[in-house]
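Enquirer: How does the following fold in three dimensions:
(chains A and B)
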Amino acid sequence: MNRVFAPLPVLFLFACGAPSATPDAGEHHHEPVTELRFAAKVGTADFACGGTFTVGTPATQYQPRDLRFYVSELTLITEDGASVPFELTNDGVFQNAGVALVDLENATGACTTGTPQTHPTLTGTAPGGHYTAVEFTVGVPFAQNHQDAASAAAPLDSTAMFWNWLGGYKFLRIDGLTTGLPTGHNLHVGSTGCTAGATPNSVASCSAPNRARIALTGFDPEKSVITLDLAALFAGANLDTNLEMTAPGCMSGATDTDCAPFFAHLGLPFGATAAGPQTVFSVQ
Amino acid sequence: MRAALISVVLVFSCGAPPAPAPTWTWDLPVGFPTPKVPEENPMSAAKVALGKQLFFDRRLSRNEQQACAGCHEVARAFTDGKPQAIGSTGEHHRRNAQGLANVAFAATLTWANPLVTTLERQALLPLFGETPVELGWAGHETELLSRFAMDADYAARFEAAYPGEGVTLATLTGALASYERTLISGGAPWDRYTAGDASALSADAKAGLELFNSERLECYHCHAGFNFSDSVEHVNTGAVEKPFHNTGLYDVDAQGSYPATDTGLHEVTSRIGDMGRFRAPSLRNLRFTAPYMHDGSLATLAEVLDAYAAGGHARQLHGEPSPLQSDLVRGFTLTTDERRQLEAFLDALNDEAFVTE
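Expert: Numbers count the residues shown, from 1 in each chain, chains lettered A, B, ... in the order given. Here you go, the predicted model:
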């Protein structure tokens, strides 16, 4: 899909005859937006299943096993500060009902729970306008998160993203093998602290929704790639050890202190620590 | 009634053959209420037969090494005799495999999860769980469904059970749930006693019943009613209660904490007060279901009784009760005769027929 739309920026230049530095901002007008591109990097290196990356503190050798996350509530922000929804196309595989699965693994290397298909580029529509920022939520909206996974439509049919013991989905799944944890370091972010509702299998509310709202400025819908940086996500975290008697890595356990750095980097609160700015996603 | 009326109307209005009448009839022991069944998955003989075949089929694990019955053996009242279960790939579970007798009546499923209340939903946990791997299907749902869809015998059975629906996660888990709802255990001496046969309980067992129901021992609060568990739901249940209890099994920090490996209800709700709270299992078929407790940490029934007599296992070890344990677990002293009587009563809850079918 990237290849198909690559000529667009060029067309824009010819059509408007002005690069984005023109002083008359009111003249800026992007074509309708039909794609949002995602990618994963490890520092400056491209992420890939089968690769080995140096991450964490102290540094460890990290072999990816999975990298997928749900996004929803995608919004483009105009230069005037107006929010314009990016309406996802329903493709029957990776996108439906306002939720998309960004799938950056391709089932090669150690990514054995994955799928050969990837989905780095979201398709949808937003009207033409001069957009300078993008916002999205890493997560599945509450109304969809606690449905019956066994009969859910794609992309909420991915059993690798099921989180049935907590009655929802993993919003973000980034798994790997490290030097110190050769059987697996898993980062699973999803809602915790959930209480049951009145109807069967239902959830009334969750005290830790753990949906990260990401806002990125400097965004150009025709050029920008929304980039997740594993080096930033794992910065300051020791991926070679695991808090004794807790999930291997971080599975969002409220008392699993292994989670603290990851949650901080994603801009999520953890325990008594309030949310700060996220440092994992950027536009490139 | 409404369904029957509609069928009649259909017959007259368009000459179509009548819709199949509901064919499922529960064969329930005296004193048992009718199980509640999700409206979207009514019982049928075809579903039960399919679910039974799936339950005992090793192909329900990805590596074809383990069936549901691998951890839920009939002869052990659907437990496995191990302290903690072992999954299809050899990974050790942190919990004891639960018995499935009368699981149709459990208000919540697994040891401590208020969010999983139907067997259909519960089946997703062993199928797709990854910490630990049980049946090993996470990320491989297409392979799972095609394995059974490509099998002519199974395809026919799915078609009979769920006409036109095919092999889906919903039909697969629906069939398993339907079979599990038929695992009714009500053939113990106790059941014959409640049905009117006064000779079904020995004098010791009758004395043990009095102890069980006494305010001295307090057993009956959590192990209540026809299934000896207070976590019960059936067709006549009004507002469903979802009870969980801290029995003082652990207190690793004098503040009531359980080992971080398994904090029970707390790990679902994150509420401190839910630390160490688990669902009270039924006391039926205890002779076949050792070892005991959520982690299989007590090997024998004698150890369990010792722990409760001491006011909780933590108190037995440390001398002090857990600040979080149930106020009904406060300890008691039994004479030798009373101990024998209590054990005789518990033994009268064993259903030989249930483990030999």
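
Enquirer: For the rest of this, base every contact and every neighbour count on C-alpha atoms.
Expert: OK.

Enquirer: Can you report how many residues neighbour residue A:58?
Expert: Counted with other Cα atoms under 10 Å in any protein chain shown, the burial measure for residue A:58 works out to 12 neighbours.

Enquirer: do residue A:273 as well
Expert: For residue A:273, the count of nearby residues is 11 (other Cα under 10 Å).

Enquirer: Just list whatever residues bridge to it.
Expert: Residue A:273 forms beta bridges with residue A:270, as assigned by DSSP bridges.

Enquirer: leaving aside the residues next to it on the chain, what's closest to the residue in the stretch 251-357 of chain B that chain A sits nearest to?
Expert: When you check the stretch 251-357 of chain B against chain A by Cα to the nearest Cα, the closest residue turns out to be residue B:269, at 3.9 Å. On the basis of Cα to Cα, 6 or more residues apart in numbering or on different chains, the spatially nearest residue to residue B:269 that is not a chain neighbour turns out to be residue A:193, at 3.9 Å.

Enquirer: who in chain B is up against chain A?
Expert: If contacts are counted using Cα under 8 Å from any Cα of the partner chain, the residues of chain B sitting beside chain A are B:113-118, B:121, B:124-125, B:128-129, B:131, B:137-141, B:168-170, B:259-261, B:267-271.

Enquirer: all strands in the stretch 1-150 of chain A, in order from the N-terminus.
Expert: Assigned by DSSP state E, counting those that start in this stretch, the stretch 1-150 of chain A shows strands spanning A:33-42, A:45-46, A:53-55, A:60-78, A:83-85, A:87-88, A:95-96, A:99-103, A:121-126, A:131-138.

Enquirer: Nearest to chain B, out of those?
Expert: Distances from chain B to each of the strands of the stretch 1-150 of chain A were compared using Cα to the nearest Cα; the minimum, 10.5 Å, belongs to strand A:60-78.

Enquirer: ok, the closest one near chain B or not?
Expert: No. Applying Cα under 8 Å from any Cα, one finds that strand A:60-78 is not in contact with chain B, the shortest distance being 10.5 Å.

Enquirer: Now do the helices in the chain.
Expert: The chain I'm using is chain A. In chain A, helices defined by DSSP state H lie at A:2-5, A:8-16, A:142-145, A:230-233, A:260-266, listed in chain order.

Enquirer: meant chain B, my bad for not saying
Expert: B:2-14, B:45-55, B:119-122, B:124-128, B:141-149, B:152-161, B:169-181, B:189-194, B:203-212, B:219-222, B:266-269, B:301-309, B:313-318, B:336-347.

Enquirer: need the ones you listed in JSON lines with distance to residue B:286, mean neighbour count and mean pLDDT, can you?
Expert: Converted to JSON lines, the helices of chain B look like this (distance: least, Cα to Cα, whole Å; neighbours: other Cα atoms under 10 Å in any protein chain shown; pLDDT from 0 to 100):
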{"stretch": "helix B:2-14", "distance to residue B:286": "42", "mean neighbour count": "12", "mean pLDDT": "36"}
{"stretch": "helix B:45-55", "distance to residue B:286": "22", "mean neighbour count": "21", "mean pLDDT": "98"}
{"stretch": "helix B:119-122", "distance to residue B:286": "22", "mean neighbour count": "24", "mean pLDDT": "98"}
{"stretch": "helix B:124-128", "distance to residue B:286": "24", "mean neighbour count": "22", "mean pLDDT": "97"}
{"stretch": "helix B:141-149", "distance to residue B:286": "35", "mean neighbour count": "17", "mean pLDDT": "97"}
{"stretch": "helix B:152-161", "distance to residue B:286": "34", "mean neighbour count": "17", "mean pLDDT": "98"}
{"stretch": "helix B:169-181", "distance to residue B:286": "19", "mean neighbour count": "24", "mean pLDDT": "98"}
{"stretch": "helix B:189-194", "distance to residue B:286": "13", "mean neighbour count": "20", "mean pLDDT": "97"}
{"stretch": "helix B:203-212", "distance to residue B:286": "15", "mean neighbour count": "19", "mean pLDDT": "98"}
{"stretch": "helix B:219-222", "distance to residue B:286": "15", "mean neighbour count": "18", "mean pLDDT": "96"}
{"stretch": "helix B:266-269", "distance to residue B:286": "27", "mean neighbour count": "24", "mean pLDDT": "94"}
{"stretch": "helix B:301-309", "distance to residue B:286": "8", "mean neighbour count": "18", "mean pLDDT": "97"}
{"stretch": "helix B:313-318", "distance to residue B:286": "19", "mean neighbour count": "19", "mean pLDDT": "96"}
{"stretch": "helix B:336-347", "distance to residue B:286": "7", "mean neighbour count": "18", "mean pLDDT": "98"}
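
Enquirer: mind putting those helices in a markdown table, distance to residue B:288 included?
Expert: As requested, the helices of chain B are arranged in a markdown table below (distance: least, Cα to Cα, whole Å):
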| stretch | distance to residue B:288 |
| --- | --- |
| helix B:2-14 | 42 |
| helix B:45-55 | 20 |
| helix B:119-122 | 23 |
| helix B:124-128 | 22 |
| helix B:141-149 | 32 |
| helix B:152-161 | 32 |
| helix B:169-181 | 18 |
| helix B:189-194 | 15 |
| helix B:203-212 | 18 |
| helix B:219-222 | 20 |
| helix B:266-269 | 29 |
| helix B:301-309 | 11 |
| helix B:313-318 | 22 |
| helix B:336-347 | 10 |
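
Enquirer: what's the closest of these to residue A:200?
Expert: Nearest to residue A:200, of all the helices of chain B, is helix B:119-122, at 9.5 Å by Cα to Cα.

Enquirer: what's that closest one packed up against?
Expert: With contacts taken as 3 or more Cα pairs under 8 Å, 6 or more residues apart in numbering or on different chains; DSSP states H and E, helix B:119-122 sits against helix B:169-181.

Enquirer: Relative to the whole chain's centre, how far out is the helix it packs on?
Expert: Taking Cα atoms, centre = their mean, to the nearest Å, one finds helix B:169-181 lying 15 Å from the centre of the chain it belongs to.
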